[in-house]
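Undergrad: kindly generate the corresponding structure for this input.
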Amino acid sequence: MSAATVPSLHGIRLSILSLASLMAAFGSFALLATPSGAEVATPLLDDADEVAVANNHACALLGSNSIRCWGENDHGQLGDGTTVDSTIPVGVVGIPDASDIDVGSYHSCAVLSSGEVRCWGDNSVGRLGNGGGAGSLVPVKVVGINDAVSVSVSGYSSCAAMSDGTVQCWGSNSSGQLGDGTSTNSSVPVTVVGLSDATTVTVGTDAACAVRSTGEVSCWGSNASGQLGDGTTTSSSVPVAVFGATNTAGVSAGASHACAVTGSAKVRCWGANSNGQLGDGTTTDSSLPVLVSGLTNVTTAAAGSGFSCATLTNGEARCWGSNAQGRLGDGTLVPSTTPVAVSGLTDAKGIATGLGTGCGLRNSRGVTCWGQNAGGQLGDGTTVDSPERVEVIAGLCQEPPDPGFSDVPGGAYYTEAVAWLVGKAITSGTAPGTYSPDDAVSRAQMAVFLWRAAGEPDATAPHGFGDVPSGSYYDDAVSWLVAAGITTGTGPGVYSPNAAVNRAQMAVFLHRATGELDAAGPHGFTDVAVGGYYEAAVTWLASVGISGGTGPGVYSPESDVNRAQMAVFLHRRGCGISISAGS
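TA: Coordinates of the predicted model:
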């Protein structure tokens, strides 16, 4: 969902491993170089420009334009190519150029610098917007959108605001929340009726709202609790005007209620109020906007599930409503129908709310969260609920451990990549203390690298290759590779496990393992054959900054890939890291 200011709702979109595994990943190497008795500070996520939180996962957009997500991942909503939960941030694969991010119950979406929208996770009722029905563990392109400026996501639907002032929505439409005048679900975007001047859009559980260039607010969808704000409880599959909403700075739709920041820097909310989430000191629903008690100098607001939050110009944050799991962040479990202070938060510049979790984006670009943590969505390395704020920990993409290999020197172009591989348990080297960075990568090794990077998923069928011995270290990996459509071998019944992998083949393997995402532009290499089997893969590799080639205009497709290069390719793909030239 999105936040009520320029960034959208259920989080302004401000922006895994257990604690034990975190300490294993960081501590076992770091402590070797630490004086006896000295404490090692846990590195924090400190480069966030946006954060969004939903039911049991959260995502952050970093200053590098890459994305980190954490929490529950049973539907692939973390976007790292696996279904492995993570209590600290992991990288969303293949996106180095995001400009906006939001998350829903079991899926997530991002706007790219090109104006495209990509989504990942569960795809029931078409919530990924790609025209298909299958979910995706990696980002897929939303059909037909090339000029989005922001995206908002809820449990079963999503909407994007376009540069021309229109709004496109997709997914569930059971309550008319797609705004196209029907109640028909759509797996591709449909245009919201009558909007041509929308500046932002926010999607709640079963309704959506947009701020218009006039400062007015229009909402559509379910109105059972008055969440459309038009003074009625009549649902509408087309936008209706929120009564009295003028000079609005931002709006946020939650679970059956919404809140808006007014031009006077106050907050008005409407809809369901059984938990006091409208903040007016009562528990009475209201189909008209009511003023939140005692709040002035508001900068952003976010409507969650049974609670709401806002940030003030002085950096403080206030929340009100239900306090189950500590979602108000005041250190208690006591609900409040009027705003209470989030304890100790004095430098917030944005706020995000989910099902039972709140997160604040700090001026330091760090992220702090509180409340429900069943899926690890607080990002602190635990799954323990907290009514007190905790800081989101840096993941392996930001702070990989020392790889501990004698043949991996500090500062080498591949050092951080190898460290990330070790932290992700993708490799332990070729021997104790040895990584062998200059050794060529065999097809057997490549299969294992990709399989482990995907979380060691089970294969749906045997591979059928006569040269892949049953029970070999790469047997399961090759089976998965075939089942996932990443390779068909080098010939009928032949995989060639000991053959070296060249740069053309590696591009194809990585491209297919990342869902064969579309490229954003031409590759620019003179030695990549037009129409070659690897051309599309190399084009994608170059467009997302995974490889800049081996020299100006040169990709060297026939050159073998060594273990150092393999580490770099996987690291950049897995962490959304982009380079302009190099390898």
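
Undergrad: if I look at the closest residue to Leu112 other than its chain neighbours, how far off is Val111?
TA: Nearest non-adjacent residue to Leu112, counting by C-beta to C-beta, 6 or more residues apart in numbering: Asp97, 5.4 Å away. For every residue, glycine as well, the C-beta is placed using N, CA and C. From Asp97 across to Val111, the span is 10 Å (C-beta to C-beta, to the nearest Å).

Undergrad: same question, Gly574
TA: Here Gly574 is placed at a distance of 21 Å from Val111 (C-beta to C-beta).

Undergrad: likewise Thr337?
TA: Counting by C-beta to C-beta, the gap from Thr337 to Val111 is 36 Å.

Undergrad: need the pLDDT of the residue nearest to Leu112.
TA: On the pLDDT scale, Asp97 is placed at 93.

Undergrad: can you count the residues close to it?
TA: 19 (other C-beta atoms under 10 Å).

Undergrad: ok, Gly94 to Ala54 distance?
TA: Distance of Gly94 to Ala54, computed by C-beta to C-beta: 21 Å.

Undergrad: who's more crowded, the two?
TA: More neighbours surround Ala54 than the other of Gly94 and Ala54, with 32 against 27 (other C-beta under 10 Å).

Undergrad: please verify my assumption that that one contacts Tyr156.
TA: No - using C-beta atoms under 8 Å, Ala54 is not in contact with Tyr156; the gap is 11.6 Å.

Undergrad: shared neighbours, the two?
TA: Gly104, Ser105 (C-beta atoms under 8 Å, 6 or more residues apart in numbering).

Undergrad: residue at max distance from the center of the chain?
TA: The outermost residue of the chain, judged against the average C-alpha position, is Gly466 (40.6 Å), by C-alpha atoms, centre = their mean.

Undergrad: look up the closest residue to it, ignoring the ones flanking it.
TA: Gly493 (4.9 Å).

Undergrad: next one: the one you found from Gly250, what distance?
TA: To Gly250, Gly493 is 60 Å away according to C-beta to C-beta.

Undergrad: between the two, who's got more neighbours?
TA: Neighbour count, other C-beta under 10 Å: between Gly493 and Gly250, Gly250 has more, with 28 against 12.

Undergrad: assign the more buried one to helix, strand or coil.
TA: What DSSP: H, G, I helix; E, B strand; the rest coil gives for Gly250 is strand.

Undergrad: same thing with Ala444?
TA: helix.

Undergrad: can you tell me which residues contact it?
TA: Ser472, Tyr473, Tyr474, Ala477, Val478, Pro497, Asn498.

Undergrad: compare those and tell me which is most surrounded.
TA: Counting by other C-beta under 10 Å, top hit in the contacts of Ala444: Val478 with 28 neighbours.

Undergrad: circling back: could you look up the SS state of the residue farthest from the centre of the chain?
TA: What three-state DSSP gives for Gly466 is coil.

Undergrad: isn't it up against Val494?
TA: Yes - Gly466 is in contact with Val494 according to C-beta under 8 Å; the separation is 6.9 Å.

Undergrad: one step back: counting only helices, which of the contacts of Ala444 make the cut?
TA: Judged by DSSP state H, the subset of these located in helices is Ala477, Val478.

Undergrad: just the contacts of Ala444 now: which is nearest Trp170?
TA: Of all those, Ala477 has the smallest distance to Trp170: 35.3 Å, by C-beta to C-beta.

Undergrad: could you find the closest non-adjacent residue to that closest one?
TA: Leaving out its chain neighbours, the residue that sits closest to Ala477 by C-beta to C-beta, 6+ apart is Trp451, at 3.6 Å.
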